Structure formats: structure tokens, C-alpha cells
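> Got a predicted structure here, sequence first:
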Amino acid sequence: VHIQTSRALMVISLLLGFFGIIVSVVGMKCTKVGEEDPVTKSRIAVAGGVLFILSGLCTLAAVSLYATQVTYEFFSASTPINARYEFGSALFVGWGAASLTLLGGSLLCCSCPTKERRGQQYYRQSQPSTAREYV
């Protein structure tokens, strides 16, 4: 039961991460999609960050659930000594992946526009003029 739950959480995590990538790419300032409203683009990037955070939480829950089951069975008296599992490298990779996904999602969520910037438009800086005006 625990393995099936962990598998389901990992599949949900992969789907959330995939949609998080798509939404985040649309919300990036360097893409041309929705270029006319930078506030909406930053809100789309924040939505991608939320999807990444949810993906990281699903990964963290799946890996920790499996680690809890391994720990419980390791210390169980009814489990034979030669049939006990220990933490493998996949658990540590899963915890690292969850941490990095949570970090990336939280950094994307930091791109939310503040109250001062909401009314401003982002203009590209033009090249300085070489012609001089004399008054």
C-alpha cells in the first residue's frame, strides 16, 4: 500500500512539475507570449512557482513516506535480519530533488510584483543619443 501511494505521489509530482515548466516559461520576461502586460506575466510566473512548490511537496511526501515504512520495518522484531531494507541512494536523491524543486518554486514566487511596480510598465532602455542639442 505504501509503495503504491508513493508511486501515485511521484506521478502527481511529475505532472505538476511538467505543467510548472510550461507555465513558468510562459511567465518569463524573456518570452514573447503576453508581452503587453508585464504584471500578468509575473503573476503567471508565480503560478508556475506554486506548481513547482506543490510538485516538491508531493516528492517530499512520497520519499518520506517510503523512508518511514523502511524505518518501521527495520526496527520491527517480526522482520528477519536478512530481509531488512536500509536507506538507499534513491531516497537521498529524492530528498535532494524535493529540496531543489521547493527552492526553485519559492524563487519563482518571489517574482510577484510589489505594489509600487504594479502600475509601471517595463520599457526597454534605448541607446543614448550621440547628437547634441544646443539651447
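Yep, it's here.
> Just give me the neighbour total for V23.
Burial measure for V23: 19 neighbouring residues, criterion other Cβ atoms under 10 Å. C-betas here are computed from N, CA, C, even on glycine.
> now do V25
Other residues near V25 come to 14 when the count uses other Cβ under 10 Å.
> surely L16 meets S55?
Yes - using Cβ atoms under 8 Å, L16 and S55 qualify as a contacting pair, with a distance of 3.9 Å.
> Measure how far the helix or strand harbouring V46 is from the centre of its chain, please.
With elements delineated by DSSP states H and E, V46 resides in helix 38-74, which encompasses its position. Using Cα atoms, centre = their mean, to the nearest Å, the distance from the centre of helix 38-74 to the centre of the chain it belongs to is 7 Å.
> what residues are up against the residue lying closest to K29 once chain neighbours are set aside?
The spatially closest residue to K29, leaving aside those adjacent along the chain, is K41, at 6.5 Å (Cβ to Cβ, 6 or more residues apart in numbering). Applying Cβ atoms under 8 Å, 6 or more residues apart in numbering to K41 gives the contacts V26, G27, M28, K29, G34, E35.
> Please check those and keep the buried ones.
Buried members of the contacts of K41, counted by 16 or more other Cβ atoms under 10 Å: G27.
> quick one on the thing from earlier: between L16 and S55, which is the more surrounded one?
When neighbours are counted by other Cβ under 10 Å, L16 and S55 differ, and S55 comes out ahead with 27 against 22.
> I'd say that one and I21 touch.
No - the pair S55 / I21 is not scored as a contact, 9.7 Å apart, by Cβ under 8 Å.
> low-scoring stretches of the protein, by residue?
Within the chain, the segments meeting pLDDT under 70 span 79-80, 82-84, 113-135.
> So for this structure, the centremost residue is which one?
Ranked by distance to the mean C-alpha position of the chain (Cα atoms, centre = their mean), the top residue is F52 at 2.4 Å.
> For that residue, give its distance to C109.
The gap separating F52 from C109 is 9 Å, by Cβ to Cβ, to the nearest Å.
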